[in-house]
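[1] model the following, please.
(chains A and B)
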Amino acid sequence: MSKSSETQTNPLREGLATRTVPQACSVVIFGATGDLTMRKLIPALYNIAADGELPPAVSVIGFARRKKTDEEFRKEQEESTRKFSRQAVRDEIWNGFAQALFYHPSEFHDAAGYKSLAERLDKIDRERGTGGNRLFYLAVAPDQFESILKNLKEAGLNKAREGSWARVIVEKPFGTDLATARELNAVVHNAFAENQTYRIDHFLGKETAQNILVLRFANSIFEPLWNSRYVDHVQITAAETLGVEGRAGYYEGAGAMRDMVQNHLLQLLCLVAMEAPTDLGADSIRDEKVKVVKSLRRLQPDNIAEDVVRGQYAEGAINGKNVPAYRTEKNVNPESKTETFVALRLRVDNWRWANVPFYVRVGKRLPKSGTEISVHFKGAPLVLFNKEATSLDQNVLVIRIQPDEGISLRMQAKMPGTSFRIEPVKMDFHYGTSFGKASPEAYERLLLDAMSGDATLFARRDEVEEAWAFVDPIENAWAQKENAPPLYDHPAGSWGPEEADELLARDGRAWRRL
Amino acid sequence: MSTETVATGIPVEIGKIDRALKKLWMDNDGVKTRASLINLAIYSEAPGSLSQNTEIISKITENHACRAIVIGADPAAKENRVEAWISAHCHVSGSGSKQVCSEQLSFLLEGPSARLLPNIVFSHLDSDLPFYLWWQEEFHEPMDPQFWAWVDRVIYDSQKWSAFGVQMKRVETAQAEAQQRIILCDLNWTRLYQIRLALAQFFDHPASHRHLREIESIEIDFAPGYRSTALLLTGWLAGQLEWTIAKSSKGNALEFRDESNKTIRVSLNETKGEPISRCVLKCGKIEMRVSHSKTGDLLDVAVGVPGQPGMSQPMPASSNDPTELMKEELMRCGQHRVYLRAMNVVRHLL
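    Alright, predicted model coming up:
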């Protein structure tokens, strides 16, 4: 997106790449023996290398507590990459890639471990030509951030030498409320400036999420209709058939609101509702997204229940198989008040979206999995087709984020025959059908972007804090001991509690059938 | 992606192709989806080209859904003959059990009927989709301006040209008559894509930019018949780095001057193997080397001082197989500004 200096000054790059070029660097992964590293990060880096997009000098240093050698680390990563990689692992590529993998055992709080890390990085710079560029990836729980960042700063690793850079990638959750998000940002900024900080939200690395901007701003037919004059309402759904799947420890403290709405779904809402940016620079896009979050009408503690419905799945069935209630899942409090389902009615108070509700729902153990955005247009005036006094279906534009990424448009057509019967038909575009090539994993794209210095698909501090500022009153209302809005049960395998349907029914609308 | 050709070569009358295509889809069992992003026409006069190109289309459509129009022509035949077939190439999509199908229309044009080419193509294009023409022959005069004006991309392989200058002039004439609308796609250029990428990445780091001015010599090893590919690679480097051709250039020993009048020597060496099996840039003491690995589909990319341990990494190599070259070309679909700059240098080296 934003142009790097390399594309401007290396004339041999002209015409070879339409994206920013990643720079040689050392990628230091904190939490190198964790799940994220094994399942996502190293497989993503391997795939980038196999596609020929990883500069040869890029080196990866795993930083974790357990004692092990470089060779042991390489062996472990090879096994997991063979299991989780998007493309089959080829020995001749892996062997070269593995030589760039190193392991640095240290406690996160041990200053000596960072001093020796700095020395090791200098050595790698000299031997492999990484040019002093460092990318620190915090693939650890947020309670480790402070210790790691403080030690990085004390070892001087947060500052790059002239002509080089140092960046940090922070994994979600970015706090649990506004106060903790601010604390976390302060901790990060104590060591790294905002322009060095990359907050990763893997939803934004998905091809279809990126395509929302292309759909809106590269096609002239949609944008003139993309406002309150023509749009009746917008729905955003993120449904999962899965339950907590071993994440109960985290999920009990987070719930659907913090886990999905505050970050992923508000990000999608921003992409749908934002104004056209002045250019494709990271800050131009993020400026427009922040304006949307700021325009979200804040919900008042007294009437949260009017606009937000929370639910929790009870015993039920998914795909014909019985599944237990949330409260009986392993490591879940039998009296848990954690929401596994949320439905919200949101208002974006600006000129474009005045009086257009945005309905957002997210849930676990729903009948099918899928994430999509649907834009429901206002109906035709029925001047010509009102004789049978039945209303026509609305035009609906659906952007499917996952699975089966694509776009469909519902419109009205006359049924063949002598009578004038009108039926809805669907124009459907599937990525998988039209483009045989598999999309890269979100982490591949995001790692490349971070190495290239392109922060467009990463959340900025003000985006994160504004999102918490919106979510906090809801969480606070739910946390009240008395008069808290109710938590509704719904059977697993249903589309949430009835109250979620009533949220739309009160406005004369209904959830789209996925 | 698994591949199945559900129907190969159902003979049809040319005037009834649309009807036959409709029937083809009506007869399917509902699990097949027809898809098309481009019109891809292939023209060849080689004997047996229809079946060879059908195989190529079958593989191309795994990744690029299209309306394929495959034409086998023999303008020199004495007998007049026109025949047509329809077929479909179906592949199970990566996302599930759905079969995604591309249509193929095949035509055999012999004798005077070969002149029907523009009409045949015009009347069978899928509307509103871009029109790519893969011209597997040399270009002949006269170049029909009305025909070429319809083409969005013309794909050819300059490596097969017998007279490079004449052919290039004809392509450029067609392009001019089409008011610059055609984009020129040379598979000989596509062949160089991964090597160019490997060479370019040596200079990505700001600290490496100075090495561009320090290039003193280049060695390129090319296979018999691929001198034009080696020249195109040379033309790319010279065009992008603004070198001028020195009068002392001769045969395979070429010389260029940079803006400071420094001499850059390029030596082209014919040797058996891949079209370009090795390219070495020497910048002072540093040597940047890109060579084909023994496995063939990877490049060994290395930089360092000769005799001392350096950095090396495998990178993907372009395949010389025409199907793979086409797949790569269709995936990249770049503009041709850099190519034209390289060609302009090559023209003066011939």
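
[2] in the stretch 101-250 of chain A, what residue comes closest to chain B?
    A:Gly131 (5.5 Å; Cβ to the nearest Cβ). Backbone N, C-alpha and C define where each C-beta goes, glycine included.

[3] phi, psi of that residue?
    phi 60, psi 20 (degrees, to the nearest 10).

[4] name the residues of stretch A:477-495 that are buried.
    Judged by neighbour count using 16 or more other Cβ atoms under 10 Å in any protein chain shown, the buried positions of stretch A:477-495 are A:477-478, A:485, A:487-490, A:492-495.

[5] could you tell me the end-to-end distance of it?
    24 Å (Cα to Cα, to the nearest Å).

[6] secondary structure added to the buried residues of stretch A:477-495, as TSV?
    Formatted as TSV, the buried residues of stretch A:477-495 follow (DSSP: H, G, I helix; E, B strand; the rest coil):
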residue	secondary structure
A:Ala477	helix
A:Trp478	helix
A:Pro485	coil
A:Leu487	strand
A:Tyr488	strand
A:Asp489	strand
A:His490	strand
A:Ala492	coil
A:Gly493	coil
A:Ser494	coil
A:Trp495	coil
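
[7] mind giving me the domain ranges of the chain?
    Since you didn't name a chain, this refers to chain A. In terms of domains, chain A is parsed into A:5-171, A:205-378+A:454-505 (source: automatic domain parsing).

[8] I was thinking of chain B, sorry if that wasn't clear
    According to automatic domain parsing, the ranges for chain B are B:3-137, B:190-349.

[9] circling back: need the buried residues of stretch A:477-495 in CSV with distance to B:Ser162 and pLDDT, can you?
    Output for the buried residues of stretch A:477-495, formatted as CSV (distance: Cβ to Cβ, whole Å; pLDDT from 0 to 100):
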residue, distance to B:Ser162, pLDDT
A:Ala477, 80, 94
A:Trp478, 79, 94
A:Pro485, 81, 93
A:Leu487, 80, 96
A:Tyr488, 78, 96
A:Asp489, 79, 94
A:His490, 75, 95
A:Ala492, 71, 93
A:Gly493, 69, 92
A:Ser494, 72, 92
A:Trp495, 68, 93
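
[10] and those residues, which two are furthest apart?
    The span of those, defined through Cβ to Cβ, is set by A:Ala477 and A:Gly493 at 28.3 Å.

[11] centroid residue for chain A?
    A:Phe203 (2.5 Å; Cα atoms, centre = their mean).

[12] burial count for the closest residue to that one other than its chain neighbours?
    Distance criterion Cβ to Cβ, 6 or more residues apart in numbering or on different chains; nearest residue to A:Phe203, sequence neighbours excluded, is A:His264 at 4.2 Å. Applying other Cβ atoms under 10 Å in any protein chain shown, we find 22 residues neighbouring A:His264.

[13] the one 10 residues further on now?
    Other residues within reach of A:Met274, judged by other Cβ under 10 Å, total 24.

[14] then A:Ser295?
    Neighbour tally, A:Ser295, other Cβ under 10 Å: 18.

[15] mind checking what secondary structure residue 291 has?
    No chain specified, so I'll use chain A. helix.

[16] that answer is for a different chain, and I need it for chain B
    strand.

[17] that one: how many residues sit nearby?
    Neighbours around B:Ser291, by other Cβ under 10 Å: 20.

[18] which residues does it contact?
    B:277-279, B:299-300 (Cβ atoms under 8 Å, 6 or more residues apart in numbering or on different chains).

[19] what pairs with A:Gly406 across the strands?
    A:Arg400, A:His430 (DSSP bridges).

[20] and the pLDDT at it?
    If you check A:Gly406, the pLDDT there is 87.

[21] likewise for B:Ser95?
    pLDDT, read off for B:Ser95, is 57.

[22] quick check: which ranges of chain B have low pLDDT?
    B:1-8, B:27-30, B:93-98, B:179-180, B:334 (pLDDT under 70).

[23] near chain B, which residues of chain A?
    A:5-6, A:9-17, A:21, A:23-24, A:49-52, A:55-57, A:92-93, A:96, A:128-129, A:131, A:163, A:403-404, A:430, A:432-438 (Cβ under 8 Å from any Cβ of the partner chain).

[24] of those residues, buried ones?
    Buried among the residues of chain A next to chain B by 16+ other Cβ under 10 Å: A:6, A:10-17, A:21, A:23-24, A:49-52, A:55-57, A:93, A:96, A:128-129, A:131, A:404, A:430, A:432-436.

[25] which of the contacts of B:Ser291 fall in strands?
    Among the contacts of B:Ser291, the residues falling in strands (DSSP state E) are B:277-279, B:299-300.

[26] who are the packing partners of the helix or strand where B:Lys169 lies?
    Assigned by DSSP states H and E, B:Lys169 belongs to helix B:164-177. In terms of contacts (3 or more Cβ pairs under 8 Å, 6 or more residues apart in numbering or on different chains; DSSP states H and E), helix B:164-177 is packed against helix B:145-148, strand B:153-156, helix B:337-349.

[27] and the pLDDT at the residue in the stretch 1-150 of chain A positioned nearest to chain B?
    Per Cβ to the nearest Cβ, A:Pro56 is where the stretch 1-150 of chain A lies closest to chain B, at 3.4 Å. pLDDT, A:Pro56: 82.

[28] for it, give me its contacts.
    A:Pro56 neighbours (Cβ under 8 Å, 6+ apart): A:24, B:201, B:301, B:303, B:311-313, B:315.

[29] please enumerate the strands of the stretch 251-350 of chain B.
    Secondary structure of the stretch 251-350 of chain B (DSSP state E, counting those that start in this stretch): strands located at B:253-257, B:263-270, B:276-283, B:286-292, B:298-304, B:311-316.

[30] strand partners (parallel or antiparallel) of the third one?
    This means strand B:276-283. Assessed with DSSP bridges, strand B:276-283 is paired to strand B:215-222 (antiparallel), strand B:286-292 (antiparallel).

[31] quick one, that strand and strand B:263-270 angle?
    Using axes from the mean of the first three to the mean of the last three Cα atoms, to 10 degrees, the inter-axis angle of strand B:276-283 relative to strand B:263-270 is 160 degrees.

[32] cool, and the last one?
    Using the same axes, to 10 degrees, the inter-axis angle of strand B:311-316 relative to strand B:263-270 is 50 degrees.

[33] can you list the strands that strand B:311-316 pairs with?
    strand B:298-304 (antiparallel).

[34] just the CA trace of the partner strand, in CSV.
    The C-alpha trace of strand B:298-304 is given here as CSV (Å, rounded to 0.1, in the frame of the first residue of the first chain):
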residue,chain,number,x,y,z
LEU,B,298,14.5,-23.7,-7.7
LEU,B,299,17.2,-21.0,-8.0
ASP,B,300,20.3,-20.9,-5.9
VAL,B,301,20.6,-17.3,-5.0
ALA,B,302,24.0,-16.4,-3.4
VAL,B,303,25.9,-13.3,-2.5
GLY,B,304,29.4,-12.9,-1.1
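
[35] what sits up against it?
    A:56, A:92-93, A:129, B:194-195, B:198, B:201-202, B:286-293, B:310-317.

[36] now the helices for the stretch 51-200 of chain B?
    Here the stretch 51-200 of chain B has its helices, by DSSP state H, counting those that start in this stretch, at B:117-122, B:145-148, B:164-177, B:187-190, B:193-201.

[37] what comes up buried for the fourth one?
    Of the residues in helix B:187-190, those buried under the neighbour-count criterion (16+ other Cβ under 10 Å) are B:187-190.

[38] what's the closest non-adjacent residue to A:Arg509?
    Using Cβ to Cβ, 6+ apart, the closest residue to A:Arg509 is A:His233 (6.2 Å).

[39] quick one, what contacts the nearest residue to B:Asp258 once chain neighbours are set aside?
    Residue nearest to B:Asp258 in three dimensions, not counting chain neighbours: B:Trp243, with 5.4 Å by Cβ to Cβ, 6+ apart. B:Trp243 sits next to B:237, B:256-258, B:264 when contact means Cβ under 8 Å, 6+ apart.

[40] any idea how far B:Trp243 is from chain A?
    11 Å (Cβ to the nearest Cβ, to the nearest Å).
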